[in-house]
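Give me coordinates for this.
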Amino acid sequence: MEWIDSAGGPLILIGKVHSAEWSGSFDDYNRACEVDGVGIIPATADGRTGSEVISLWGEPLSTSLMEDLGVVVQWQYAESEHELMSLIRERIGTLDWQVVGEYESNGKFVVFDAASSAQEVGPSDSIQGFWPIGHGIIQVADITEADSSARIIRFDIDGPSVVAGG
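From the prediction side, this is the model:
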C-alpha cells in the first residue's frame, strides 16, 4: 500500500474534478485546521463553487486507501501494516460509524496535504481513489485493539440523509 503524510497539518480529500479549487493558501489551510477530526468544508473560502473538501485532521497521521473496501485509512499506531490491515478487515463490519455529514461524490478523488494546491502535488504526495458517484454521507469510525489503532473514513451512498426531514 502507498501511504502519504502531511508536513504536520491536515490532509484533505477532494473530488478530482474540483481539486484545482483548493489553493493551499494560508486561508485554505486555516479552514482545514479548524476541523476537529474529520469534517466537511467548502472548497473555496466564499463557498462560491458549491464543491466541498473533507478535512482529515486531529493529528498528522499516515494515510492510505484500502481500495477493496472503499475506505480511507489513517494509521494511528500498529506494529506493522499487515497487522493493521488484518485488524481492519476483521472488524470493518462491526465498527460504530459516526456520521460526519452529507457529501456529493463525483467519483474520483485525491488526498493531499492541505498546505498544498493540487498543482503542487505529485503521485508520491497524494493518493487517488474512487467512490460511487452520487449523494451520500461521510462516516468515520475508530478501530482500536491492544497494539493497533486506526481511523477509517468511508462514503456511504446508501446511508440515511442527515438533513432534517430528508
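
Look up phi and psi at residue 113.
phi -60, psi 130 (degrees, to the nearest 10).

Start at 9, not 1
Yep, numbering from 9; the last one is residue 121 now.

State the distance from it to residue 160.
If you measure residue 121 against residue 160 using C-beta to C-beta, to the nearest Å, the figure is 20 Å. All C-beta spots, glycine's among them, are computed from the backbone N, C-alpha and C.

what does the lengthiest strand in the chain rub up against?
As far as residue count goes, and with DSSP state E defining each element, the longest strand of the chain is strand 142-153. The contact list for strand 142-153 (C-beta atoms under 8 Å, 6 or more residues apart in numbering) reads 45-46, 48, 62, 84, 95-96, 99, 103-113, 157-170.

Over to stretch 115-130?
Among residues not part of stretch 115-130, those counted as contacts by C-beta under 8 Å, 6+ apart are 12, 14-15, 17-25, 27-28, 30-32, 36-37, 40-41, 63-64, 71, 73, 80, 133-141.

mind listing which of the residues you listed are in strands?
Taking DSSP E, the ones among the contacts of stretch 115-130 that sit in strands are 19-23, 63-64, 71, 73, 80, 135-138.

neighbour-wise, which of these leads?
Counting by other C-beta atoms under 10 Å, residue 20 has the largest number of neighbours within these, with 30 neighbours.

May I have the beta-bridge partners of it?
On the basis of DSSP bridges, residue 20 is bridged to residue 63, residue 120.

got it, and residue 144?
residue 111.

Would you map the helices across this protein?
Applying DSSP state H to the chain gives helices spanning 34-41, 89-99.

Turn the ones you listed into CSV, including mean pLDDT and distance to residue 58.
Shown next, in CSV, are the helices of the chain (pLDDT from 0 to 100; distance: least, C-beta to C-beta, whole Å):
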stretch, mean pLDDT, distance to residue 58
helix 34-41, 94, 16
helix 89-99, 95, 33
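
Export these as CSV, with columns for mean neighbour count.
Rendered in CSV, the data for those read as follows (neighbours: other C-beta atoms under 10 Å):
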stretch, mean neighbour count
helix 34-41, 17
helix 89-99, 15
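
rewinding a little: average pLDDT for the longest strand of the chain, rounded please.
Here strand 142-153 scores 94 as its mean pLDDT.

How about stretch 112-121?
Stretch 112-121 shows an average pLDDT of 94 in the prediction.

In stretch 67-83, which residues are buried?
Buried residues in stretch 67-83, defined by neighbour count with 16 or more other C-beta atoms under 10 Å: 68, 69, 70, 71, 72, 73, 74, 79, 80, 81, 82, 83.
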